[in-house]
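K.L.:
Model the structure of this input:
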Amino acid sequence: MKGFYTIGLLIVSNIFMTFAWYGHLKLKQEYSWFASLTLIGVVLFSWSIALFEYLCQIPANRIGFVDNGGPFSLLQLKVIQEVITLIVFTVFTTLFFKGEALHWNHLAAFICLVLAVYFVFMK
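P.N.:
Presented below is the predicted three-dimensional model:
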């Protein structure tokens, strides 16, 4: 079950991270009050979202790490996290930024990531 908890928390963490890192770009387009914020205002807004990222990311790593009784090595945790990040980012981008399109090279990159997961778990 620790593996499922870890992956679930990583997914939630990456949703918050994606909104913290890239959500302000969409909010600037949608809301005039947000567009008028200074850079420090946008950074503080993003940090407030990133707090929730950390509230999920840190427990995910602690639960999932093999030295804490979890099923994953540190390298496995990192590869899983990166794949989740790119999946969440792709869904976010295609849903919220209609001008962004997926191309064949993006699919090729995803296949490489799946292969990375395979190789990192290979004995």
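K.L.:
Could you pull out the strands in the protein for me?
P.N.:
For the chain, strands defined by DSSP state E do not occur.
K.L.:
and the longest helix for it?
P.N.:
Longest helix in the chain by number of residues (criterion: DSSP state H): helix 2-30.
K.L.:
For that one, what is the distance to the chain centroid?
P.N.:
Taking Cα atoms, centre = their mean, to the nearest Å, one finds the center of helix 2-30 at 5 Å from the center of the full chain.
K.L.:
For it, which residues meet the burial criterion?
P.N.:
Neighbour counts over helix 2-30 (16 or more other Cβ atoms under 10 Å) mark 2, 6-7, 9-24, 26-27 as buried. For glycine as for every other residue, the C-beta is placed from the backbone atoms N, C-alpha and C.
K.L.:
what do you get for stretch 43-53?
P.N.:
Neighbour-count burial for stretch 43-53 [16+ other Cβ under 10 Å]: 45-46, 49-50, 52-53.
K.L.:
Just send those back as JSON lines, with distance to Phe65 and pLDDT too.
P.N.:
Shown next, in JSON lines, are these (distance: Cβ to Cβ, whole Å; pLDDT from 0 to 100):
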{"residue": "Phe45", "distance to Phe65": "31", "pLDDT": "92"}
{"residue": "Ser46", "distance to Phe65": "27", "pLDDT": "93"}
{"residue": "Ile49", "distance to Phe65": "25", "pLDDT": "93"}
{"residue": "Ala50", "distance to Phe65": "21", "pLDDT": "94"}
{"residue": "Phe52", "distance to Phe65": "21", "pLDDT": "95"}
{"residue": "Glu53", "distance to Phe65": "18", "pLDDT": "95"}
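K.L.:
so Val66 touches Ser73, yeah?
P.N.:
Yes - here Val66 reaches Ser73: they are 5.5 Å apart, a contact under Cβ atoms under 8 Å.
K.L.:
and the longest helix of the chain, what other elements does it pack with?
P.N.:
helix 32-35, helix 39-64, helix 74-96 (3 or more Cβ pairs under 8 Å, 6 or more residues apart in numbering; DSSP states H and E).
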